[in-house]
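*Asks:* The sequence and its predicted three-dimensional model are supplied below.
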Amino acid sequence: MHFLQSFCLDMVGGLALLIMERLEIGMIHNVEMEVGERKLSVESGRVARQADGAVLARYGDTVVLATVVASKEPVAARGFFPLTVEFREKSYAAGKIPGGFFKREGRPNEWEILSARSIDRPIRPLFPKNYDREVQIIVTVLSADQENDADIPGLIGASAALAISPIPFYHVLGAVRIGKVGDHLILNPTFQQLDESRLDLLVTGTPEAIIQLEGRAKEISEEEFVEALELASQEIKKVCDLQEKLKELCGKPKAPPPEEPDSSGLEMSLRKLCWDKIISASLIPHKEERQSALDEIAQEAIAALSEEYPESEELIVAKITEIEKEQVRRMILGERRRVDGRGLDELRPITCEVGVLPRTHGSALFTRGETQSLATTTLGTKFDEQKIEALEGESWKSYMLHYNFPPFSVGEVRPLRGVTRREVGHGNLAERALEPVIPSDDVFPYTIRIVSDILESNGSSSMATVCAGSLSLMDAGIPIKTHVAGVAMGLIKEGEKVAILTDIIGTEDHIGDMDFKIAGTRKGITAFQLDTKIRDINLDIIRETLIRARQARLQILDIMEQTLPNPRSELSIYAPRIVSFKINPAKIGEVIGTGGKTIREITQQTGARIDIEDDGTVTIASVDKSASERAFEMIQKIVEEPEIGELYTGRVKRITPFGAFVEILPGKEGLLHISELAPQRVEKVEDVLKVGEEVLVKVLGIDGSGKIKLSKKAALLGDQRRLKIHDKRSKKN
């Protein structure tokens, strides 16, 4: 009896525990707060419950699902942390059906790639150093309200999903965007507000420090930049607190990170065997020579230690890199001396060349140390604009910059398999930097494409692209108001010791704590990107970095202006000539003609390309200037309206007993009455005129229905010196 009671109690208890676990699985946890006058909510427990962490993040009516999953088994060492971040927009989020033949979402577009990178870059350095599981973060846009960008809730959702998961990620990240309209800073501006904003600043950080900056500006000052960061830092703390609340409600216990193997013996052996050689190699200023020396040291160490430490090749290489890093950091902080012998604020040698390619519309070669960008500018017409299909709607892009990073630029062999995410990100940064100086379509109605091919790379190739792109724009004769230059700033920080580095090279980026790219004009900042590896970069460090970056930028601008101070006075002879003007929208049909007949005839006769917009804007493009002028004259004749009192040379179209109908302008006929043929009486029209004959007539009047009254008699008797004679026909080749 006692045994039966115990058994029943155990069964009831186990069932109760199982029920509690099931209830816990089905529980929905939600936290929310006001950010920028809109509600931000983060919810877990409703969907995607088989992921290690999943949240629905909502801002306004924009909703994203952020999920994170870690592999169950460790993965082989790859030399980098195996984190994959995907950001995908669903067309249904904005009530749309995808275009194209397949009618479904395909490969990620440029904006999705940039959004994924903005999540990847701040999260990646915060994982435990020796974490050996593959991690995948997927952010999916489920609803788009056409007002709020999905990248902010995407960042917050990814951080929250990691926070509540068992993955050993011990941080929360907050993200906000700051705009500036007039003198007012705006927290998380809408798309419409961003169109009017002088600043688009995406800030990601922890409660203690800023981790990432990304954005563009219209030549704002360093003081305005820091002011925006102060506001962002305050709001990020609140967003992080919100995630901590969710973590308290439903966070899973964190799995312990794998223990790091004890390599102290190997490290001691390495230091004893090749310490002096590593120190000497780390002081070699040239990248290729330095890396070659370090590779040779590694091979010697592997051969010498293979018996004592078998299967430790990768670890030996990693330890040599750590020793090199330790030495370089010590040298910079202690001796205030850099690998290539420069001072902390010193730029590498810079050379600029323009017009280096004979048949491009504009070209420039910018070389800074061992980093070199060849930039070309190509001018096109309205037909060359890029069509952008986004959740916010369709748009056309008339300015674009593309960045290419071929493997030979770093002395590597690698298959060319399409554009990488890094190339998309670096190109977008450089594009943003130059955008504020690009003239408007009203001033310069061309499509502009800049291509930067990196021919050598040892740090800061995106900023070299900015400089080369600016020079190529001026070489093409594009009326940009000023040059734009960029520089990458670095940081070495150990406790209270801080060294800010100007114009960092690849080694300083690799061993350093910060990569802060800043581009701008003499007037102010136009684009920026900050990535950090530590969690104690404060506003004081950023403020000082901005000041030093400005000093460096002015030096670079001096060199660029000595090469080419102003845009060329004329476009390349190989560039299209574009004429842009407006006509009465009611006349568009006449210019196009039935089935496009009229505009085709003009194109065939002149060779020019013609584009007509709904508002009556006509754009004519041709490499031959005379062809554009001729097409312009032909269109002007079509849209021209007859004027009372003016003389016209017309052609007789048909004859009636009471007069003749004369075409004085394309599609414009008037009645030349028999009484207006001559000063004397005319018995028959055929006695004076023949069909097809040219005749000089004067417009006597135009009635309310548009009927035109002509007179040959008045034309013969009038004072022709005061009258404008119009030739109604287009002369044929």
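*Replies:* Good, I have the coordinates.
*Asks:* okay, CA-based contacts and neighbour counts for the rest of this
*Replies:* Will do.
*Asks:* Contact partners for Asp515?
*Replies:* Ala488, Met489, Gly490, Leu491, Asp509, Gln529, Leu530, Asp531, Thr532 (CA atoms under 8 Å, 6 or more residues apart in numbering).
*Asks:* distance of the fifth one from Val424?
*Replies:* Looking back up the chat, that one is Asp509. Taking CA to CA, to the nearest Å as the measure, Asp509 falls 20 Å from Val424.
*Asks:* same thing with the fourth one?
*Replies:* For Leu491, the distance to Val424 (CA to CA) stands at 25 Å.
*Asks:* between these two, who's got more neighbours?
*Replies:* Leu491 (25 against 19; other CA atoms under 10 Å).
*Asks:* Which residues belonging to the helix of greatest length in the chain are considered buried?
*Replies:* Identified as the longest helix of the chain according to DSSP state H is helix 222-250. Residues of helix 222-250 classed as buried by neighbour count (16 or more other CA atoms under 10 Å): 222, 225-226, 228-229, 232-233, 235-244, 246-247, 250.
*Asks:* State the next helix or strand along the chain beyond it.
*Replies:* Sequence-wise, the next helix or strand downstream of helix 222-250 (DSSP states H and E) is helix 264-282.
*Asks:* Let me see the mean pLDDT of stretch 441-451.
*Replies:* Taken as a whole, stretch 441-451 has an average pLDDT of 92.
*Asks:* Now do the contacts for the most centrally placed residue in the chain.
*Replies:* When the chain is reduced to its mean C-alpha position, the nearest residue by CA atoms, centre = their mean turns out to be Asn428, at 3.2 Å. Asn428 makes contacts with Leu401, His402, as judged by CA under 8 Å, 6+ apart.
*Asks:* Most neighbours of all the contacts of Asp515, which one?
*Replies:* For the contacts of Asp515, neighbours were counted using other CA under 10 Å, and Ala488 has the most, 28 neighbours in all.
*Asks:* Give the residue spans of the stretch 251-400 of the chain that score low on pLDDT.
*Replies:* Along the stretch 251-400 of the chain, the parts satisfying pLDDT under 70 run over 262.
*Asks:* Do a quick rundown of the strands in it.
*Replies:* Taking DSSP state E, counting those that start in this stretch as the test, the strands found in the stretch 251-400 of the chain are 350-354, 362-368, 371-380, 386-390, 393-397, 399-404.
*Asks:* Pull out the buried residues from stretch 148-160.
*Replies:* 148-160.
*Asks:* got CSV for those, with secondary structure, distance to Ile644 and pLDDT too?
*Replies:* Converted to CSV, the buried residues of stretch 148-160 look like this (DSSP: H, G, I helix; E, B strand; the rest coil; distance: CA to CA, whole Å; pLDDT from 0 to 100):
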residue, secondary structure, distance to Ile644, pLDDT
Asn148, coil, 57, 94
Asp149, coil, 57, 93
Ala150, coil, 60, 95
Asp151, helix, 62, 95
Ile152, helix, 63, 96
Pro153, helix, 65, 97
Gly154, helix, 66, 97
Leu155, helix, 68, 97
Ile156, helix, 70, 97
Gly157, helix, 71, 97
Ala158, helix, 72, 97
Ser159, helix, 74, 97
Ala160, helix, 75, 97
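*Asks:* what about Pro74, neighbour count?
*Replies:* The burial count for Pro74: 12, using other CA under 10 Å.
*Asks:* and the closest residue to it other than its chain neighbours, what pLDDT?
*Replies:* Computed as CA to CA, 6 or more residues apart in numbering, the closest residue to Pro74 that is not its neighbour in sequence is Arg133, at 4.8 Å. Here, the pLDDT recorded for Arg133 equals 91.
*Asks:* Am I right that Arg133 is in contact with Ser71?
*Replies:* Yes: using CA atoms under 8 Å, Arg133 makes contact with Ser71 at a distance of 5.5 Å.
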